[in-house]
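# Pasting the sequence and the predicted coordinates here, then a few questions.
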Amino acid sequence: MANTFGHLFRITTWGESHGGGVGVVVDGCPPRLKLTAADLQPDLDRRRPGQSPLVSPRKEADTVRILSGTFEGRTLGTPICLWVKNEDARPEAYAEMKTKFRPSHADFTYFAKYGLRNWQGGGRASARETIGRVAAGAIAKKILRERFGVEILACVQQIQRLVAGVDPERVQMRAIEANLVRCPDPVIAGKMITLIERMRAAGDSVGGVILGVARGVPAGWGEPVFDKLEADLAKAMLSLPAAKGFEIGSGFAGTLMTGLRHNDPFRVRKGKVVTASNHSGGIQGGISNGQTIYFRVAFKPTATVMREQLTVDESLRNTTLTGRGRHDPCVLPRAVPIVEAMTALVLVDHALRHKAQCG
């Protein structure tokens, strides 16, 4: 089940970076949901390569096709299969990597596990696998928005040492999408763009932090022990390529606070329980408390860089390797819709589980 995620709303992604295509099977989607490819394409367009000078120049339309699970524009409740064709594969760019392992990539570990690997673009280890997640996530976002009133968004908050001050309660999608780097602070965004361009010119890469936000989640979603809502969010985010860290609410900064300062006092406002602060990030005891859920995901610099590095080959000989192919000097701008998708997949699964258990 290594390629499957979720319980009641379950997805299985498939395909390799330079194969015939990539996609996903979604099982457990409720019936009678209005759904066409047009509902999915906008998020795939935000994820696709070639959308700006800051990302991989690979030219892919990433046009999604619905192969099963709908009839006359509505979901049937049966498995939905989504497919995106690979149109601009260039496996020859990876010929040297047929026998050499890229430093800090999955080449060596895949070989250690399976005894062989798809060296053309990294195969399943390529971020192209996330197309299936984003397509499935678009379905999840539609369910959450239309049936539960939940809004999900994400933005770039930090690249290297450039940090934007972002309020999870107020940040809006139009501000996020107003620039190439998807940072809602236009001044910091400009500096981020300059930094990424400088890294590309130097054949190097940079990482950073994405802020994820879910507003309108009702109290009661999640489980109290092993399937805590924040635990499932952490697993979802750390399953993403290049993700290296996760924190929710106050996160590590909370260790510098006292309990009295960190606690979120409860109040009743207009007949509804609210908290005077939100250091918990909208989740307490593994269960949503009705406040805005917010978290941060740290992404490392892109592993493939266009500079010579030390490595070894499959015959265990020391050698060197210079990165080739088309790669993002910073994964964060394209990772924003992927973080949104994984957030939606976690939340819709828990929404359905809560409804099944508690009515």
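Noted; the coordinates are in hand.

# how near is the closest residue to A61 other than its chain neighbours to G21?
What sits nearest to A61 in space, not counting adjacent residues and going by C-beta to C-beta, 6 or more residues apart in numbering, is E87, at 6.5 Å. C-beta: built from backbone N, CA, C; applies to glycine. Look at E87 and G21: by C-beta to C-beta, to the nearest Å, they are 9 Å apart.

# ok, back up a step: residues contacting the residue nearest to A61?
For E87, the contacting residues are 59-61, taking C-beta atoms under 8 Å, 6 or more residues apart in numbering as the criterion.

# how close does it sit to A38?
Looking at E87 against A38, where the rule is C-beta to C-beta, the gap reads 20 Å.

# again, but for F101
When distances are taken as C-beta to C-beta, F101 and A38 turn out to be 42 Å apart.

# Between the two, which is the more surrounded one?
Comparing F101 with A38 by other C-beta atoms under 10 Å, the one with more neighbours is F101, at 22 against 9.

# So, low pLDDT: which residues of the chain?
Counting by pLDDT under 70, the ranges of the chain that qualify are 1, 89, 91-93, 325-326.

# how far does whichever helix in it runs longest sit from the chain's center?
For the chain, the helix reaching the highest residue count under DSSP state H is reported as helix 332-358. Here helix 332-358 is found 10 Å from its chain centre; the criterion is C-alpha atoms, centre = their mean, to the nearest Å.

# Buried residues in it, which are they?
For helix 332-358, burial by neighbour count (16 or more other C-beta atoms under 10 Å) applies to 332-354.

# ranking the contacts of E87 by neighbours, who comes first?
Of these, E60 is surrounded by the most neighbours, 19 neighbours in total, counting by other C-beta under 10 Å.

# Contacts only, for D349.
6-10, 232.

# Name the SS class of the closest residue to Q51 other than its chain neighbours, please.
The spatial neighbour of Q51 that comes closest, neighbours along the chain excluded (C-beta to C-beta, 6+ apart), is D45 at 7.1 Å. Taking DSSP: H, G, I helix; E, B strand; the rest coil as the rule, one finds D45 in the helix state.

# Could you check how many residues crowd around D45?
Residues lying near D45 (other C-beta under 10 Å) number 15.

# gap between it and V134?
The span separating D45 from V134 equals 10 Å under the rule C-beta to C-beta.

# Next step: the contacts of E87 restricted to helices.
Where the contacts of E87 are compared with helices, as defined by DSSP H, there is no overlap at all.

# got those residues as CSV, with distance to V274 columns?
As requested, these are arranged in CSV below (distance: C-beta to C-beta, whole Å):
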residue, distance to V274
K59, 48
E60, 45
A61, 45
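
# between those, which is nearest T109?
Distances from those to T109 were compared by C-beta to C-beta; the smallest belongs to E60, at 26.3 Å.

# My read is that that closest one contacts R90, right?
No: with the criterion set as C-beta atoms under 8 Å, E60 and R90 do not qualify as a contacting pair; they are 11.4 Å apart.
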